[in-house]
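Asker: Below is the sequence, then the predicted model.
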Amino acid sequence: MLDYILDESRVVVTPTISDNMTAYRKQRMDPADYMKFDVEHNVVATQPFFSHILHDAIVRAGRRDQIPARCMKWWPQIERGDTAFEEYWDARTGTGSRCHAWSATPTYDLTTWVLGVRPVAPGYSRAEIAPRFGQLRHLEGRVPTPHGLLEVKLDREAGGEILIPDRVVAQVRFEDAPLSGGEFGAGRHRISR
């Protein structure tokens, strides 16, 4: 089912408020007036503000490997010079939020599902660091915890370093890289093959 939903040949972007504000205000907006949609074939595309829910379903379905490519959907917004993520993939100027908190899915997904840093106990007293390289060779990032920054800098083949703040214990594991994991306490740790 997941492959069916993510099949780009089936995806249709629905009209947004910005496509016809008058029809929206009068609550007479019929998507069929703006798009072709075959209920037997098409799937409605998630806009940025709803993508977190879709990405969560992808991870729960065991397909965390798809997250980096899914996050690249935000790249056109970056190329346009945006410094914050927008509510819709495309909206006319003056419509839709140009800085939408629900659209910040990549900031969460890249640290949680790609860099692999997550709390596993209250207050980040215990953390998991389980990077998923996928097609990437290098991962690097810093994640704030109540005890300071947890820093990860890794190369898939050469290893790297992990810095764990005081009062945090981290379980480090690798699903798709030939690197050694284990349980680490506070401090700077060298990760190797």
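Answerer: Cool, got the structure.

Asker: Run a quick neighbour tally on the closest residue to Gly141 other than its chain neighbours.
Answerer: Nearest residue to Gly141, sequence neighbours excluded (C-beta to C-beta, 6 or more residues apart in numbering): Leu115, at 4.5 Å. All C-beta atoms are positioned from the backbone trio N, CA, C, and that covers glycine. Leu115 sits with 21 neighbouring residues when counted by other C-beta atoms under 10 Å.

Asker: Grab the longest helix from the chain for me.
Answerer: Counting residues, the longest helix found in the chain (DSSP state H) is helix 51-60.

Asker: Going by neighbour count, list what's buried in that helix.
Answerer: Of all the residues in helix 51-60, those buried under the rule 16 or more other C-beta atoms under 10 Å are 51-52, 54-55, 58-59.

Asker: any idea which of those is closest to Ser103?
Answerer: Taking C-beta to C-beta as the measure, Ser103 lies nearest Ser51 of these, at 7.6 Å.

Asker: any low-confidence regions in this structure?
Answerer: By pLDDT under 70, the weakly predicted segments of the chain are 1, 5, 11-39, 92-96.

Asker: need the contact list for the residue lying closest to Gly148 once chain neighbours are set aside.
Answerer: Nearest non-adjacent residue to Gly148, counting by C-beta to C-beta, 6+ apart: Pro165, 3.5 Å away. Applying C-beta atoms under 8 Å, 6 or more residues apart in numbering, we find Pro165 in contact with 145, 147-150, 186.
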